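Asker: just the structure for this:
(one chain, ligands or ions: 1)
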Amino acid sequence: MLIDTHCHLTDPALLPDQAAVVHRAIAAGVQRMITIGTGPEDHLRVLQAFRQYPQVYGAIAVHPHLAGEITPGFIGNMRPFFGQEPRLLAVGECGLDYHGRSADAAVQRPVFIQQLELARQLKLPVILHVRDAHADALSIMADYTDVPHVVHCFTGTSEEACRWLAQGAYVGITGIVTYKNAEEVRAVARLIPDDRLLVETDCPYLSPEPVRKIKINEPAFVVHVATCLAAQRGTTPAHIEAITTANAGRLFGPQLK
Ligand SMILES: [Zn+2]
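Answerer: All right, here's what the predicted structure looks like:
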């Protein structure tokens with residue numbers, strides 16, 4: 001069994017076809033998926049998704065793109081959901097994104113830190129979104145090494161990956177690893193130890209080869225990510241499946257069964 005540890009089944013590109021998307025994943029051997037809610041309206045759709053499909057689990061947080069749009073108190077108000085819903089496995093995705101579409105860094109940082117505090121109190125792992133912001137995110141996370149975390153859709157350098165690994169992070173690899181010009185991500189994919197690697201789609205974005213630009217991404221295609229990782233790491237897809245499923249279980253806990 002493969003686990004897609006980061007998908008967006010509630011994205012408008014997948015939502016109308018959600019049941020078929022989930023069933024195609026199961027048929028492809030992707031029998032667990034964690035769907036990520038990025039902001040207030042999306043959170044409710046995530047709750048509906050995992051209540052509907054036993055293979056679907058959830059995580060909710062405020063995405064850095066939306067850090068400037070939430071009302072004061074919103075993060076505190078997320079807390080009861082976690083208490084009531086054991087299938088909400090993590091606080092995520094949250095983090096820092098300095099790439100351009102997001103709020104100012106000064107707005108993003110306190111929203112990120114509030115969510116780390118929430119995760120610590122709830123004793124839940126965190127799914128990190130970090131883009132062009134590794135130095136700042138690493139320095140913030142240095143104070144939260146007790147909070148288990150994955151840097152999802154890793155696109156940093158090998159040196160940044162080593163710093164995250166040294167701080168205890170798991171690293172999530174998406175279909176970017178299959179792209180012709182993504183040599184740096186392939187270098188990272190080769191250096192991650194067996195016990196820190198996760199596979200994900202981040203669908204509906206980032207369709208992997210050989211379906212890139214042909215199909216909207218969906219959890220079934222995490223198989224292509226695992227196949228590419230096996231080739232890069234000189235092992236078999238079955239081994240990638242075994243280690244990434246074990247890692248997801250360790251990070252997200254026994255609820256993910
Ligand atoms: Zn995402």
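Asker: other SSEs contacting the lengthiest strand in the chain?
Answerer: The residue-count maximum for a strand in the chain (DSSP state E) belongs to strand 88-97. Contacts defined by 3 or more C-beta pairs under 8 Å, 6 or more residues apart in numbering; DSSP states H and E place strand 88-97 against strand 30-37, strand 56-60, helix 74-84, helix 105-122, strand 126-131, helix 134-141. Heads up, the C-betas are built off the backbone N, CA and C, glycines and all.
Asker: mean confidence for that strand?
Answerer: Taken as a whole, strand 88-97 carries a mean pLDDT of 98.
Asker: and if you look at stretch 119-136?
Answerer: 97.
Asker: kindly report the same for stretch 3-19.
Answerer: pLDDT averaged over stretch 3-19 gives 98.
Asker: does any part of it sit near the ion?
Answerer: No - on the criterion C-beta under 5 Å from the ion, stretch 3-19 is out of touch with the ion, staying 5.5 Å away.
Asker: which positions in that stretch come out as buried?
Answerer: 3, 4, 5, 6, 7, 8, 9, 10, 11, 14, 18 (16 or more other C-beta atoms under 10 Å).
Asker: helix, strand or coil for the third one?
Answerer: Spelled out, it's residue 5. Judged by DSSP: H, G, I helix; E, B strand; the rest coil, the three-state class of residue 5 is strand.
Asker: that one: what's it in contact with?
Answerer: By C-beta atoms under 8 Å, 6 or more residues apart in numbering, residue 5 lies in contact with 33, 34, 127, 150, 152, 172, 198, 199, 200, 244, 248, 252.
Asker: how close does it get to residue 102?
Answerer: Distance of residue 5 to residue 102, given as C-beta to C-beta, to the nearest Å: 23 Å.
Asker: quick one, strands of the stretch 101-250 of the chain?
Answerer: With DSSP state E, counting those that start in this stretch as the criterion, the stretch 101-250 of the chain has strands at 126-131, 149-151, 170-173, 197-199.
Asker: who in this structure is up against the ion?
Answerer: 36, 202.
Asker: quick check: phi and psi at the residue of the chain positioned farthest from its centre.
Answerer: For the chain, the residue at maximal distance from the C-alpha centroid (C-alpha atoms, centre = their mean) is residue 72, at 25.3 Å. Taking degrees, to the nearest 10, you get phi -60, psi 140 for the backbone angles of residue 72.
Asker: from the ion, how far off is it?
Answerer: 25 Å (C-beta to the ion, to the nearest Å).
Asker: now do residue 150
Answerer: Per C-beta to the ion, residue 150 is found 11 Å from the ion.
Asker: OK, contacts around the residue in the stretch 101-250 of the chain positioned nearest to the ion?
Answerer: Relative to the ion, the nearest point of the stretch 101-250 of the chain is residue 202 (4.9 Å; C-beta to the ion). Going by C-beta under 8 Å, 6+ apart, residue 202 touches 6, 7, 8, 152, 153, 174, 175, 217.
Asker: pLDDT weak spots in this structure?
Answerer: Filtered on pLDDT under 70, the chain yields no residues whatsoever.
Asker: find the centremost residue of it, please.
Answerer: Geometric middle of the chain (C-alpha atoms, centre = their mean) lands on residue 6, at 3.8 Å.
Asker: surely that residue meets residue 151?
Answerer: No - judged on C-beta atoms under 8 Å, residue 6 makes no contact with residue 151 at a distance of 10.8 Å.
Asker: quick check: neighbours shared by the two?
Answerer: Between them, residue 6 and residue 151 share the contacting residues residue 172, judged by C-beta under 8 Å, 6+ apart.
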